[in-house]
Every structure is written in C-alpha cells, then in structure tokens.
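S.K.: The sequence and its predicted three-dimensional model are supplied below.
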Amino acid sequence: MLSRLPFVALGHRNFRLIWIGLFVSFTGSMMQNAGLLWHVSLLVAPDRKGLALGLVGLVRVVPIVLFSMISGVVADAWDRRRLMLFTQVAATAVAIGLAVLAFRRVTTVWPIYVLAALGSGVGAFDLPARNSLVPSLVPREHLPNAISLNTIMFQTASVVGPSLGGVLIAAASVGWVYIANAVSFSFVIVALLLMRDVPARSPSEAGSRDDVSWHAALEGLRFVFRSPLIRSTMLLDFFATFFSSATALLPIFAQDILRAGARGYGWLYAAPAVGAMATSAAMVPLAERIERRGAWLLWAIAGYGLATVVFGVSRAFWLTFACLALTGATDTISMVIRNIIRQLETPDRLRGRMTGVNMVFFMGGPQLGELEAGLVANWFGAPFSVITGGLGCLVATAWVAASTPALRRYRRG
C-alpha cells in the first residue's frame, strides 16, 4: 500500500535532501542555459545568429563525446557523493567566469564558447555520478516513483528557470543570471554534506581506482549494445533530440519572427517545461501502472515530432507556446519510460557506465541538433529548419519501431 503513495520516495531522507538541492540547482542551470543563448545572440551580426547559436551546441557536445565513457567508469569506481561535490564546485567556477565576461562587457564570443565547453565537461562527470547515486537512496520498489519525482522536479525547474532568467535579463543584465546559477550549486553541496547512512556498495559492486580503465569502459559499452531495449531507447533519444532541437533557434523566433522581446523569449524557452511539468505531475502516480510501456514510448516521440512541425509553421505567439508545451509533455512521457527501463535493467555496478554511454545519445543529440538546426537556419531560414527537423524525428521513430519488435511489445513487468 505504501508503494502506491504518489510521493513515497520523498519519505527517504537522503533522497529528499538531494531532490530539494537539485531542484534549486537545476533552476539556476536553466536560467544560465537561456541566458547564454541570449548572450551569444547579442554579440554577433544578425545574419550570423543561426550559426553562432548552433555553435553553442557544438562546443558543448565535444566534451561529452570525449569524457562520456571515462566519466561513467569513474562514477562506478569512485565514491559517487564525493565526485558530485567536486563537480558542483567546478560548475560554480564556470558560472562565475561567465558572469565576469558579462559584467566586463566582453564583445567577442569565443570566451563564452570556451566556458560553455568547460561547463559541459563538468556535466559529463556529474550526470553519471548523480544518476548512479539516486538508486542507492531508495528501495528498488520505490525507484520508478523516484524517477518520476526527479522528472517533475527537473521540469518544474525548467519552467521557473528560463522565466526567471528572462525577467532578470530584462530587469538587470545577463550577468546576474550567471551569478544566480553560481549560488544555486551551493544547495546541492549542502544536501550532499547533510546525507547520512548512505548504503555502502558491496565489493562486487564498488570498484577501486584501479578499475578506471578502457577495459572497464568497453564492458559498459558492450552491455548497452547487447541489450536491444536499452539500445533502442538511446537511439530514439538521440534521433528525436537531434532532429527536433528547436530551442537553440528560439532567440531568432522571439526577436525576428514573433517579435516577443526578452520576456516573451523567457516564456517560449520555458514552454516545453510547462507542458512537461503538467505531464510529469500525472506521471508520478501513473508511471508504475502503464502497461504497454513500449507503445507509449513510441507514440510519445511521434507526438514530439509532430508538435515540432506545427511549431515551425506557426506565426502566432500562443500557438507557438502551445506547440512547445506539447513537445515538453510528450518528451516527459518518453523520458520517464526510458529511465525506468534503463535503471531497472542495469546492474548497479554498471549504472555509471550505462549513463556515460547514454550521455552521448541524450546530450549529444540535442547539442549536435543545435548545430544542425543552426546551419540549416543559416542557409534556408529558421522555420524551414524546425519543420524539416520535426519530419526527420517522425521518420526516425518509425524506423526504430520497425527494427525493434521487442520495444513495440515491451510491457510492465
């Protein structure tokens, strides 16, 4: 009966601490993500905006590709809580560096790219540690609930963060957005320090520093690609975000097409999270009860692509907002189901490496997609880029569904 409670995972003190800390930190990070794109758009000529915004994705994806495998090995071999403490301090330093550039009114864009790349490198080590730590903070039967609660926390932060970022940019400057993000990391640091009685990993699960090797990395890679369910969910994640990465072009839509200004940009940037937050609230009690999880996953990603197509066609602010909100809603359904499959099907000793491989797909997809969207927008215009991206997402989803019968048939239990 207890496992049916919608917030049962929050009853565990350590999970509750990290959940609250990450909510504040994610809010700051979403403010910074929106602020960084806006900052870049102000430093380049109008005819170079699409390319300049797309390059943000490129500089972010390179560290992910370089460090994804070894960062997963480190998360499996080292103390995950201590690793997170290091990444939070490093991320704080990056945010402060961006603030210095903004307050000094640096007019060249390359220092922003450098710090964006450094921040992405820090994130490449933070994510495997965080995703591997959470399952040890709740019993296995409460893990789907914890994943759903993490999703609603992330999506709520994705609504609040860009909205606050847009208001802060309009009221003060982008530099204060970076300062707010730097402060937000302290909440995770405090949460990690306040944890107690974190279950120890057994010798067969926990590694030593000697385990940080390419042999260990290849073990994780073999595990992922020999599991059709995990492999197909990662491919879906990559293709959907690669073809439908419209967020990087939002400054162009807000400034040149919809003429919505900084406040309108903040709301448009937050729109996917508005739909995601409402959907994730419903997914908290429903995640464990969805029977045909594979079918739900495929239809959700198809809806994501269709909403992207309509967004590209729209010239009305509120229709654009609604389409972006729908992309957030459908992405949330697929995100929850994907994470449940991966966490339940992966042994604890391989969770960091599984997350490291997954980073290339779910973080590399949108970052490379931003570059692709920027290049196409530079050549053919932002609407064409978004529309063709949505169509590409639909084609890719159909291909994965046809080639992976196990995913189509996947059911709860």
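M.R.: Yep, it's here. Worth saying up front: this structure is predicted, and the values here are computed from it rather than measured.

S.K.: Tabulate the CA atom coordinates of stretch 331-341 in PDB.
M.R.: Output of stretch 331-341 as PDB, limited to C-alpha atoms (Å, rounded to 0.1, in the frame of the first residue of the first chain):
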ATOM      1  CA  ASP A 331       9.100  14.200 -24.100                       C
ATOM      2  CA  THR A 332       8.300  13.800 -20.400                       C
ATOM      3  CA  ILE A 333       6.300  10.600 -21.100                       C
ATOM      4  CA  SER A 334       9.200   9.100 -23.100                       C
ATOM      5  CA  MET A 335      11.800  10.300 -20.600                       C
ATOM      6  CA  VAL A 336      10.100   8.600 -17.600                       C
ATOM      7  CA  ILE A 337       9.600   5.300 -19.500                       C
ATOM      8  CA  ARG A 338      13.100   5.400 -20.900                       C
ATOM      9  CA  ASN A 339      14.700   6.000 -17.500                       C
ATOM     10  CA  ILE A 340      12.600   3.200 -15.800                       C
ATOM     11  CA  ILE A 341      13.700   0.700 -18.500                       C
END
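
S.K.: got the contact list for that stretch?
M.R.: By C-beta atoms under 8 Å, 6 or more residues apart in numbering, the residues outside stretch 331-341 that reach it are 143-144, 147-148, 151, 155, 229-230, 233, 236-237, 240, 272, 275-276, 279-280, 283, 287, 290, 293, 296-297, 300-301, 304, 410. Heads up, the C-betas are built off the backbone N, CA and C, glycines and all.

S.K.: Which of the residues you listed fall in strands?
M.R.: Among the contacts of stretch 331-341, no member falls in strands (DSSP state E).

S.K.: any low-confidence regions in the stretch 51-200 of the chain?
M.R.: Scanning the stretch 51-200 of the chain for pLDDT under 70 picks out 199-200.

S.K.: Tell me where it has helices.
M.R.: 80-103, 110-133, 143-171, 174-194 (DSSP state H, counting those that start in this stretch).

S.K.: Which one of those lies nearest to residue 256?
M.R.: Across these, residue 256 has its closest neighbour in helix 143-171 (16.9 Å, C-beta to C-beta).

S.K.: So which elements touch that closest one?
M.R.: helix 13-42, helix 174-194, helix 261-286, helix 317-345 (3 or more C-beta pairs under 8 Å, 6 or more residues apart in numbering; DSSP states H and E).

S.K.: before we move on, back to that, so for residue 27, which of the helices of the stretch 51-200 of the chain sits nearest?
M.R.: The nearest among the helices of the stretch 51-200 of the chain, by C-beta to C-beta, is helix 143-171 at 4.2 Å.

S.K.: For that closest one, buried residues please.
M.R.: For helix 143-171, a neighbour-count test (16 or more other C-beta atoms under 10 Å) marks 143-169 as buried.
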